[in-house]
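Novice: 3D, please:
(2 chains)
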Amino acid sequence: DTAVSQTPKYLVTQMGNDKSIKCEQNLGHDTMYWYKQDSKKFLKIMFSYNNKELIINETVPNRFSPKSPDKAHLNLHINSLELGDSAVYFCASSLKQGVTGELFFGEGSRLTVL
Amino acid sequence: AQKITQTQPGMFVQEKEAVTLDCTYDTSDPSYGLFWYKQPSSGEMIFLIYQGSYDQQNATEGRYSLNFQKARKSANLVISASQLGDSAMYFCAMREPSSASKIIFGSGTRLSIRP
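Specialist: The predicted structure follows:
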């Protein structure tokens, strides 16, 4: 029973297309995140939702739009894909805000933009 | 502003030896949490160990221990008796409540264990 699941695991698409990545967690956590890992393995936070409310919105192009229909789901939609969007996108969740509570990660979605 | 620094991009260690992965951090918040994650070549992110800024003792989890030196703002990961399966990227991370509790990551250290 996967705790944090992302679909799809692999995405290959052309520049200019729009794509979505879906994430679901069955841990009962309140907070969910999207992270981007680039080719140098650097992990950067993009967004965070707490109980469906956006609480972190880092400097991310407007082409990226997260959506949380309920606290168990956090989707990421990307418009007008660019070459630089190629990366692994990780969804994660944590029990609550505060200093404790580790992140539980999904397996990642590898996006390749051609 | 938060900052996490891992100064060792790569390390080679002989199997069964202990290894220390360095991590320093910068925060003005007195309350914060420190984490280490492992990312094997398969790509998943695996939580290893947590240290709270007010914890009196260094955290330990099996072969992993965290050498927490608060005054020096360092949180080094020590892996005892290294195994071939320890070969992976290791990330240090920090969370502080004043920044909406986001967890930020260091640039990682690639650890390779030699048989």
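Novice: Could you report the pLDDT at residue B:109?
Specialist: Here, the pLDDT recorded for residue B:109 equals 98.
Novice: and if you look at residue B:41?
Specialist: 95.
Novice: what residues does chain A put near chain B?
Specialist: By the rule CB under 8 Å from any CB of the partner chain, the part of chain A lying against chain B is A:31, A:33, A:40-45, A:48, A:55-56, A:88, A:90, A:92, A:94, A:97-105, A:107-108. Just so you know, the C-beta spots here come from the backbone N, C-alpha and C atoms, and that holds for glycine as well.
Novice: do that again at 10 Å, thanks
Specialist: Contact residues, chain A versus chain B (CB under 10 Å from any CB of the partner chain): A:4, A:9, A:31, A:33, A:35, A:37, A:40-45, A:47-48, A:50, A:55-58, A:88, A:90, A:92, A:94, A:96-108, A:110.
Novice: what's the helix or strand for the most centrally placed residue in chain A?
Specialist: Nearest to the geometric centre of chain A sits residue A:34, at 2.9 Å (CA atoms, centre = their mean). Assigned by DSSP states H and E, residue A:34 falls within strand A:31-37.
Novice: Next, the buried residues of that strand.
Specialist: Across strand A:31-37, burial judged by 16 or more other CB atoms under 10 Å in any protein chain shown covers A:31-37.
Novice: what about chain B, any weak spots by pLDDT?
Specialist: Chain B contains residues with pLDDT under 70 at B:1-2, B:99-100.
Novice: and the nearest residue to residue A:70 once chain neighbours are set aside, what is it in contact with?
Specialist: In space, and not counting its chain neighbours, residue A:70 is closest to residue A:52: 6.4 Å by CB to CB, 6 or more residues apart in numbering or on different chains. Residue A:52 is in contact with A:30, A:32, A:67-74, counting by CB atoms under 10 Å, 6 or more residues apart in numbering or on different chains.
Novice: Close to chain A: what parts of chain B are there?
Specialist: Residues of chain B found near chain A (CB under 10 Å from any CB) are B:9, B:29, B:31-37, B:39, B:42-50, B:52-54, B:89, B:91, B:93-97, B:99-108, B:110.
Novice: so of these, which ones are in strands?
Specialist: Per DSSP state E, strands hold the following members of these: B:33-37, B:39, B:46-50, B:52, B:89, B:91, B:93-95, B:103-105, B:110.
Novice: Could you tell me the end-to-end distance of stretch B:90-110?
Specialist: This stretch, stretch B:90-110, spans 6 Å end to end (CA to CA, to the nearest Å).
Novice: nope, stretch A:48-66 is what I was after
Specialist: 9 Å.
Novice: Could you do stretch B:70-79 as well?
Specialist: 20 Å.
Novice: ok so, going back, tilt between the strand holding residue A:34 and strand B:88-95?
Specialist: Angle of strand A:31-37 versus strand B:88-95, following axes from the mean of the first three to the mean of the last three CA atoms, to 10 degrees, is 130 degrees.
Novice: How far does strand A:31-37 sit from its chain's centre?
Specialist: Strand A:31-37 sits 4 Å away from the centroid of its parent chain (CA atoms, centre = their mean, to the nearest Å).
Novice: and it with strand B:33-39, angle?
Specialist: 50 degrees.
Novice: just to revisit the earlier point, if I pick the residue nearest to the centre of chain A, what's in contact with it?
Specialist: So, once contact is read as CB under 10 Å, 6+ apart, residue A:34 ends up touching A:6, A:21, A:23, A:44-49, A:56, A:58, A:60, A:64, A:66, A:74-76, A:89-92, A:106, A:109.
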